[in-house]
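Colleague: Show me the folded form of this:
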Amino acid sequence: MTVLPAGDLEGSGAANAAELLAGRPGLFVLPAGGRGAGAQLLTRGGDPNFTLVLLDGVPLNDATDTQGGLVSLTALPLAEVERVELVRGPVSAVYGSAGLSGALQLSTVSGSDRPGWSPRAALEAGNASLLEARAGLGLQRGSTRAFLGGGWAEETGRVAEETFAQWSASGSLTRELSGGLLALRAGGQGLEADDYPESSGGPLLGDGQLRHTESWSGRLAARLELGRGGGLLQRLDLQAIEQGRDRQSPAIAPIVPASREDARYGRFRLAWQGTADLGAEVLLTTGLGLERERAHNRSQLELPPELGGAVPGDYDASRWVGGPYLELRRAVGATALEAGLRLDLSDESSEWSPRLGLSHRLSPRARLRASLGRAFKLPSFFVLSSPPTLGGNPGLLPESAWSGELGLDLEAAGGRLRGQVTWFEARYRDLVDFSFEEFQHVNRERTEARGLEAALALAPAARLGLEADLTWQRATAPGSTDELLQRPDFFGVARLRWQPRDSLALR
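Modeller: Predicted structure coming up:
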């Protein structure tokens, strides 16, 4: 796991998750054009929809999405975010369905970091008529913290005639209880964008027609913790999200017809977790989670009359998924062991998600770590529930992955020099693909990815910092002569920060 706290986020200068994550170890960010077209995150050679994205613990992946539930990184503003967590590798043992190659968790501001009221505001402007404004107000009073904030962003003409406009809002209330905690978080956002569809040729090679999208979402997360400081810590989570998307896409001659789509998606989750300190450096965590998804889709392909005319793609679907999980952690001297197992039951299948992790401290400044785990991802409603005339297949199996890693963490010069190197290997199975021969979605693809991730952080002086990340990877499809696209062999980033004065920082 990589954790980026508030100081790192402010110091990055990034306006959205795409700018923040570009080039970091194992994370390849693929922009599709302007912000309206979005940006995809490919973790460790996996597909863009293999990364689970959570905001305040609420999953944002939409199972009605035609690309299997990917989340655009440019639609994730960082204005109200105070912490980002990156997990590489399979995460089903922790989160359940999805997350074949990793998870991205963003946590919004929980309140002020000092007593009283704390206002904040920011304004940014740039080319392509870029304008971003955000404001917030935090409060800390006794055992209560609160925050309310919002923002607006727009741009026009980043790529030809593309446009983008987005609003976002978030609020939180946190109260410390006697031996516990009560936290409430809520938020929402809306987006309107015009962009060029994938494979359309865009403004240069295509006919220049734009796809118009309007989307919105609202979320709620509540957490109650009891037993802090005791032998048993219990946590109850309730999460809900509702989101919608209206989209009109032009035809891409000569194959893809024009289409209209009106989709609604909702997810509700209830979970209990208990962590017991058994003594002798042993922690036992057990829990039970239950989640319900539902989808409503009204769509239509605009075929010409000679080919049969308009073809509806309507469906209504829902499903339950959830089950128990168990995790054991034990430390023996310089060695720490973690083992987890989760069982998820759904309408389509039952899935086991094991995970094993090992960490050994070679010295006070060197640590060796290894992990192995399995993850699964239920097929999206789009591929399961679409009418057969559009390729829907209710018999699809969940996609799955086995992934492992071996890493070394080093520290020198009193902590001013830190380094990390990690070897990873992942095997993805039963991937969903569209078969033109059968004209439906099928489980037939398998891919493999392996690579080396390196990260270096150097602070030669108190006000000067240098970071460099580099990833080498090789993603292949065994048994196929086709090359996997959008998987570069090398990618990386270097960041330099100099703060000559407390009130001035240069990046």
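Colleague: Nearest spatial neighbour of Gly492, chain-adjacent residues omitted?
Modeller: Leu470 (3.8 Å; C-beta to C-beta, 6 or more residues apart in numbering). C-beta coordinates here come from the backbone N, C-alpha and C atoms, glycine included.
Colleague: Could you measure from Asn293 over to Ala317?
Modeller: Let me fix one detail, which is that residue 293 is Glu and not Asn. 8 Å (C-beta to C-beta, to the nearest Å).
Colleague: ditto for Ala39
Modeller: 29 Å.
Colleague: again, but for Asp344
Modeller: 18 Å.
Colleague: Which of the two has more residues huddled nearby?
Modeller: Asp344 (22 against 18; other C-beta atoms under 10 Å).
Colleague: element containing the more buried one?
Modeller: In the assignment (DSSP states H and E), Asp344 maps to strand 335-346.
Colleague: and if you look at Leu406?
Modeller: strand 399-412.
Colleague: Tell me which other helices or strands that strand touches.
Modeller: Using 3 or more C-beta pairs under 8 Å, 6 or more residues apart in numbering; DSSP states H and E, the elements in contact with strand 399-412 are strand 366-377, strand 417-435.
Colleague: Please identify the buried residues of it?
Modeller: The neighbour-count check on strand 399-412 (16 or more other C-beta atoms under 10 Å) flags Glu399, Ser400, Ala401, Trp402, Ser403, Gly404, Glu405, Gly407, Asp409, Glu411 as buried.
Colleague: If you drop the residues flanking it in sequence, what lies closest to the first one?
Modeller: Think Glu399. Lys377 (4.6 Å).
Colleague: ok, the one you found to Ala401 distance?
Modeller: In terms of C-beta to C-beta, Lys377 sits 8 Å off from Ala401.
Colleague: Show me whatever sits in contact with both of these two.
Modeller: By C-beta atoms under 8 Å, 6 or more residues apart in numbering, Lys377 and Ala401 have these common neighbours: Phe50, Leu100.
Colleague: which residues sit in contact with Glu399?
Modeller: Leu100, Phe376, Lys377, Pro379, Tyr428, Arg429, Asp430, Leu431, Val432, Asn443.
Colleague: Can you give me the distance of it to Ser350?
Modeller: For Glu399 relative to Ser350 (C-beta to C-beta), the value is 15 Å.
Colleague: any common contacting residues for Glu293 and Ala317?
Modeller: With C-beta under 8 Å, 6+ apart, Glu293 and Ala317 have common neighbours Phe381.
Colleague: coming back round to it: burial measure for the residue nearest to Gly492, as a count.
Modeller: Each residue near Leu470 was counted by other C-beta under 10 Å, and the total is 17.
Colleague: Then Asn127?
Modeller: 8.
Colleague: The one 5 residues further on now?
Modeller: Burial of Glu132 is recorded as 19 neighbouring residues (other C-beta under 10 Å).
Colleague: What strands line up against the helix or strand where it lies, and which way round?
Modeller: Assigned by DSSP H and E, Glu132 falls within strand 130-141. Within its sheet, strand 130-141 is paired with strand 116-126 (antiparallel), strand 144-156 (antiparallel), according to DSSP bridges.
Colleague: Cheers, nothing more for now.
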